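A.B. asks: Below are the sequence and a predicted model for it; my questions follow.
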Amino acid sequence: MNFTTDYALPFPLGGTLQEAVESCVDCQQPAEDELEAWIDIPNRDNDEEYSLVVCRIEDNKCVTVALTDIYRDTFLGICLDPRKITDEEVVAELEKQGINVLVQFGEIILPEHLITIILNETITWWDPEYWGEDGFRHETIAP
């Protein structure tokens, strides 16, 4: 699937834990601060019938949503398969599109969009209402 900077998963980023559980096909018993859930993403080309998301829970809300197994996906038309592209090439392609990008410890950070990407692992969207740009930077960017 070709993801963009707009959050488009059928799962409530910023929603309550109950809303998240109701939107899942299946989920594990939520931990105090994390929920693993399987959701149906139409037109996603993956090996599994459903896609796994891992959510950080704060104040009974899903404040991050991380989509796993992204190696068959694209982001703004850029392949996310680490067998075909490196972090540096992803960064260069994003910068060509005018996106401000930082890289730290193998994580591609898009501070203006509150998104982090780890090739072959996850795309994580951060709830802007909960984090704000300053909170996002504090959580994702080492001093």
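C.D. replies: It's in.
A.B. asks: so what's the closest residue to Glu93 other than its chain neighbours bridging to?
C.D. replies: In this structure, Glu93 finds its nearest non-sequential neighbour in Ile78, 4.6 Å apart by C-beta to C-beta, 6 or more residues apart in numbering. (C-beta placed from N, C-alpha, C; glycine too.) Per DSSP bridges, the residues bridged to Ile78 are Phe75.
A.B. asks: and Ile78, how many residues sit next to it?
C.D. replies: Neighbours of Ile78 under the rule other C-beta atoms under 10 Å: 19.
A.B. asks: before we move on, which element is the most centrally placed residue in the chain in?
C.D. replies: For the chain, Thr124 is the residue whose C-alpha lies nearest the centre (C-alpha atoms, centre = their mean; 1.9 Å). Here Thr124, judged by DSSP states H and E, is contained in strand 122-126.
A.B. asks: Flag every buried residue along the helix or strand following that strand.
C.D. replies: Counting by DSSP H and E, the element after strand 122-126 in chain order, helix or strand, is helix 128-140. Going by neighbour count (16 or more other C-beta atoms under 10 Å), the buried part of helix 128-140 is 130-131, 136, 140.
A.B. asks: Equivalent analysis for stretch 110-124, please.
C.D. replies: 110-111, 113-119, 121-124.
A.B. asks: For the protein, give me the ranges with low pLDDT.
C.D. replies: Applying pLDDT under 70 to the chain flags residues 45-48.
A.B. asks: all strands of it, in order?
C.D. replies: 2-3, 26-27, 34-39, 51-58, 61-68, 74-75, 78-79, 102-104, 107-110, 115-118, 122-126 (DSSP state E).
A.B. asks: Show me what the first one is packed up against.
C.D. replies: Think strand 2-3. Here strand 2-3 touches strand 74-75, going by 3 or more C-beta pairs under 8 Å, 6 or more residues apart in numbering; DSSP states H and E.
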